[in-house]
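[1] sequence-free structure coming up:
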């Protein structure tokens, strides 16, 4: 009888200890669920900043202006005094790249990057990643800080880290985003991002 009682208490204490190591209750993540839902609904926005692109030990840091209007996007990259001015405009099934008067077209931004630069980038995922949510259609692993803000997203072999989050109305959006895939030595580092929510004019 004594042995049975000891086993019972040992089992009970083990269950209590195990429960204390479990993830926080689901309601703790309600802030993230609301944030994710609001970001998924955000389909018109503009950002400005810089993006450092590194590939095979080569690196450059153009300015970037990205306007997203539902499924259509207009991305401009340029250096000092508009050197290397590049404009990417697209919608599902069609994208153009204009640089120095030369215009190239493709069925997807991924095809265009592969044609022009010789490596693959999940460009279609970026409109989700840059906001701080996983792209739909594949599994993603998420890590949060003590404020329940997303700080690391891992999806399809890519790692996306977020820092310096700022509040825009009811949304937290990052000023720094790093997208990397170490096995390919590719990294995009977006810095100094300033966001404008809703419809945006295209003046630059």
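    Now that the structure is in, tell me what you want to look at. Predicted, not measured: the structure shown is a model, and the values here were computed from it.
[2] from here on, just use CA atoms for contacts and neighbour counts.
    OK.
[3] where's residue 40 relative to residue 134, distance?
    To residue 134, residue 40 is 10 Å away according to C-alpha to C-alpha, to the nearest Å.
[4] the more surrounded of the two?
    A count of neighbours by other C-alpha atoms under 10 Å puts residue 134 above the other of residue 40 and residue 134, at 23 against 15.
[5] I'd say that one and residue 155 touch.
    Yes: using C-alpha atoms under 8 Å, residue 134 is in contact with residue 155, at 7.4 Å.
[6] quick check: neighbours shared by these two?
    By C-alpha atoms under 8 Å, 6 or more residues apart in numbering, residue 134 and residue 155 have these common neighbours: residue 140.
[7] any buried residues in stretch 59-70, and which?
    For stretch 59-70, a neighbour-count test (16 or more other C-alpha atoms under 10 Å) marks 61-69 as buried.
[8] residue 56: neighbouring residues, count only.
    Around residue 56 sit 9 other residues, with neighbours defined as other C-alpha under 10 Å.
[9] report the contact partners of the spatially most central residue of the chain.
    Ranked by distance to the mean C-alpha position of the chain (C-alpha atoms, centre = their mean), the top residue is residue 129 at 1.8 Å. Residues counted as contacts of residue 129 (C-alpha under 8 Å, 6+ apart) are 135, 160.
[10] repeat that with 10 Å
    123, 135, 153, 155, 159-162, 177-179 (C-alpha atoms under 10 Å, 6 or more residues apart in numbering).
[11] likewise residue 125?
    By C-alpha under 10 Å, 6+ apart, the residues touching residue 125 are 133-136, 155.
[12] tell me which residues in the strand or helix carrying it are buried?
    Assigned by DSSP states H and E, residue 125 falls within helix 123-129. Within helix 123-129, the residues scored as buried using 16+ other C-alpha under 10 Å are 126-129.
[13] burial of residue 153, as a residue count?
    The number of residues packed near residue 153 is 20, by other C-alpha under 10 Å.
[14] distance of it from residue 41?
    For residue 153, the distance to residue 41 equals 19 Å [C-alpha to C-alpha].
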